[in-house]
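Undergrad: predicted model and sequence follow; I will ask about them next.
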Amino acid sequence: MKTLQDLRTLRYDQTGPVATITLDRPDVLHALNAQMFDQLESVFASAADDSSVRVLILTGSGERAFAAGADIRALADTDAASGLAVSQRGQQVFDLIENRLARAGKPVIAAVNGVALGGGCELALACTLRLASDKARLGLPEVKLGLIPGYGGSQRLPRLIGRSAALRLMLTAQIVDAAEALRLGLVDEVHPAADLLPRARSIAETIAAMAPLAIAGVLEAMQRGADAPLSDGLHAEAEIFGRLCGTADKHEGLTAFLAKRPAVWQGR
């Protein structure tokens, strides 16, 4: 197990190829402040560059909260200029989680263990997959504060669950339970609280056992096709498929399959 030191707002632990990042400001339900953004940026950038990390899990300590949202006390003193800077900083860190990790071929699984509201919900939206405990509650209720989602929620939520459903949640400030989040497609699975992290680790270990270049290829194909015409997405898919056909891992995967033995991946 590998552990990063000197983190005050979160914990970072690694077991084998799976790293777990745990938000840890329980007195404020892991509300996101400037220090937490700095430390999230640091640990995710470190994981992106660490060849021993294949998959990441992001969660909150305890069972009450994944992240309750932005730090309201810090927002209270913002004006137009400082508010713009706050939004851009959050977007920068969440873009790193969504895109830099994907470019590194490393999925991020959000284990939403309690409330994920406002910025906390936006943090989950920036992850590759979202699992929730049956106690989770999610929403983007910023309009109640005279604001809109500022860390990417107004853009990622409609891409995930559709424009109409996203508008309804944001315009009414509705907070949904885990079952409704699952129905909407906001989360991928719901589990009892005690089973949430074991399930996240099981998925992470399953992904980590796959061919690393192929996992990176899936993430790349999804990224390149996300906002492109279908023809461009298909072109990207064929290009990546062809590239993988020339790798040692493809040769090993097919050889192992025909020999009915586990593959041994080299990442090349």
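TA: Happy to help now that I have it.

Undergrad: give me the number of residues near the closest residue to residue 86 other than its chain neighbours?
TA: Spatial nearest neighbour of residue 86, excluding adjacent residues (C-beta to C-beta, 6 or more residues apart in numbering): residue 78 at 6.0 Å. All C-beta spots, glycine's among them, are computed from the backbone N, C-alpha and C. By the measure other C-beta atoms under 10 Å, the count of residues near residue 78 is 14.

Undergrad: how about residue 108?
TA: 23.

Undergrad: looking at the sheet around it, what are its partners?
TA: Beta bridges link residue 108 to residue 56 when assigned by DSSP bridges.

Undergrad: my read is that it contacts residue 101, right?
TA: Yes - using C-beta atoms under 8 Å, residue 108 is in contact with residue 101, at 5.5 Å.

Undergrad: partner strands of the helix or strand hosting residue 132, parallel or antiparallel?
TA: Residue 132 is part of strand 129-133 when elements are defined by DSSP states H and E. Sheet partners assigned to strand 129-133 using DSSP bridges are listed as strand 108-112 (parallel), strand 189-191 (parallel).

Undergrad: before we move on, the earlier item: any common contacting residues for residue 108 and residue 101?
TA: Common neighbours of residue 108 and residue 101, counting by C-beta atoms under 8 Å, 6 or more residues apart in numbering, are 44, 56, 128.

Undergrad: my guess is the first one contacts residue 97. True?
TA: It refers to residue 44. Yes - Residue 44 lies in contact with residue 97 (C-beta under 8 Å); the separation is 5.5 Å.

Undergrad: common neighbours of these two, please.
TA: With C-beta under 8 Å, 6+ apart as the test, residue 44 and residue 97 both reach residue 108.

Undergrad: state the distance from residue 203 to residue 94.
TA: 21 Å (C-beta to C-beta, to the nearest Å).

Undergrad: of these two, give the one with the bigger neighbour count.
TA: residue 94 (24 against 20).

Undergrad: of the shared contacts of residue 108 and residue 101 - the most surrounded one?
TA: residue 56 (26 neighbours).

Undergrad: on that earlier part again, can the shared contacts of residue 108 and residue 101 go into TSV with extra columns for distance to residue 138?
TA: Formatted as TSV, the shared contacts of residue 108 and residue 101 follow (distance: C-beta to C-beta, whole Å):
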residue	distance to residue 138
44	21
56	20
128	17
